[in-house]
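*Asks:* Sequence first, then the predicted structure, then my questions.
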Amino acid sequence: MSFVEDKQKIEEGDHVLAWMTRSDVRPIKVQSGELLNNRYGPFKHEDMVGRSFGAQQASSANQGFIHLLSPTPELWSLSLPHRTQIIYGPDASYIVHRLKIRPSSVVIEAGTGSGALTHALARTVSKSGKIFTFEYHESRCEQARAEFESHGLSEIVQITHRNVCEDGFAIDTDIKASAVFLDLPAPWTAIPHLFEHVDRSRAVHICCFSPCIEQVIKNIYALQAAGFQHIEMVENQARRWEGHQTMVRTVEESMDLLRDIRRRRQDGMDFRHGRVEKRKLDNYNPWGKGTRVREGDEGYNWRPVSWMETDIKSHTSYLTFAILPPTSPDKYK
């Protein structure tokens, strides 16, 4: 299963993202004989084969379940190993939009890092486009290369171990880029090296990703000196909302359940191994431990509820955008 494919059924060797909670999403490569273990028990990989992406799978212990999700850049950014700062969905989607990246686009990225944005770029340019990404840290470069190959992105993404700030961009092809993304400690030193690798017959869009305002100021001076126009700095903030359905019972059914819980508490003394122990009823589930309830099940009603993050996700980095005009003004787009 590639990050740019659209499949309905899970097959042996596919990549699957196991959703357990909002903060616990685990990547899996489906292989017979392997297990995913968590607090709900073991989940057999072979039981995933043939299921639809998005389906639930109960644990072998029948104590809970996970969702089997198709791999996307957004989910991968939640589950990938954190080698560097992660570029999450709110920034990644805005970057793709502002750089006007589309199928068949050619993009230069410097600062591959954990590869979160690279996955989003690869999905957008699709198999007709190309991503030239550069990482100066050799170990991170090799880890990212292995992930791109495993995820079926090798034909789209070409990764190079190189310090572009000092050595420039080494691209062994005549293909020219129309979009540039720089996530570097000193992007302003890399900007002068770009010109031989960008398509000057059209507008070239650039974004510099910098955590400090002092870096933004230096980027702006370098962009102005290089002839870039329409320079703008943006800071994204986001708050996540989630809507779902919850199960409700009729008043009569609820009263019956409460009476049952009260009775169990009153009679909650049990002789075990020659001593008296109190039953642990605080977590008693009258619907049955591990029971999964689905919409449409007889005897259950549903109502919509929502969940919201209490805090707005604030600053990760400043995004500085600019446009390099084409050499022929009539081709500006």
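*Replies:* That came through, no problem. What you are looking at is a predicted structure, and each value in this text was computed from that prediction instead of being measured. Residues are numbered from 1 along each chain as shown.

*Asks:* So, low pLDDT: which residues of the stretch 101-250 of the chain?
*Replies:* Counting by pLDDT under 70, the ranges of the stretch 101-250 of the chain that qualify are 242-250.

*Asks:* residue ranges for the strands of it, please.
*Replies:* For the stretch 101-250 of the chain, applying DSSP state E, counting those that start in this stretch gives strands covering 106-110, 130-135, 157-161, 179-182, 204-210, 229-234, 241-248.

*Asks:* Could you point out which of the ones you listed sits nearest Glu74?
*Replies:* strand 241-248 (14.0 Å; C-beta to C-beta). Where C-beta positions appear, they are placed from N, C-alpha and C, glycine not excepted.

*Asks:* And this structure, what are its domain boundaries?
*Replies:* Here the domain parsing of the chain from automatic domain parsing is 15-71, 75-237+314-331.

*Asks:* And the ones you listed: which comes nearest Met255?
*Replies:* domain 15-71 (28.1 Å).

*Asks:* can you give me the end-to-end distance of the closest one?
*Replies:* End-to-end span of domain 15-71 (C-alpha to C-alpha, to the nearest Å): 7 Å.

*Asks:* Distance from the chain centre to it, please.
*Replies:* Computed by C-alpha atoms, centre = their mean, to the nearest Å, the chain-centroid distance of domain 15-71 equals 18 Å.

*Asks:* Going forward, count from 35.
*Replies:* Done: numbering now begins at 35, and the last item shifts to domain 49-105.

*Asks:* So for the residue nearest to Gln177 when sequence neighbours are not counted, what's the pLDDT?
*Replies:* Among residues not flanking Gln177 along the chain, Arg117 sits closest, at 6.5 Å (C-beta to C-beta, 6 or more residues apart in numbering). Arg117 carries a pLDDT value of 74.

*Asks:* ditto for the one 5 residues further on
*Replies:* Tyr122 is assigned a pLDDT of 87 by the prediction.

*Asks:* ok, which stretches of the stretch 35-184 of the chain are helices?
*Replies:* Using DSSP state H, counting those that start in this stretch, the helices of the stretch 35-184 of the chain run over 107-113, 123-132, 150-159, 172-184.

*Asks:* buried stuff in the first one?
*Replies:* For helix 107-113, burial by neighbour count (16 or more other C-beta atoms under 10 Å) applies to 107-113.

*Asks:* Then stretch 99-109?
*Replies:* Buried, per 16+ other C-beta under 10 Å, within stretch 99-109: 99-100, 102-105, 107-109.

*Asks:* Same check on stretch 60-76?
*Replies:* Neighbour-count burial for stretch 60-76, counted by 16+ other C-beta under 10 Å, picks out 61-62, 64, 70, 72, 74-75.

*Asks:* what do you get for stretch 180-192?
*Replies:* In stretch 180-192, counting by 16+ other C-beta under 10 Å, buried: 181-182, 185-187, 190-192.

*Asks:* This completes my enquiry, with thanks.
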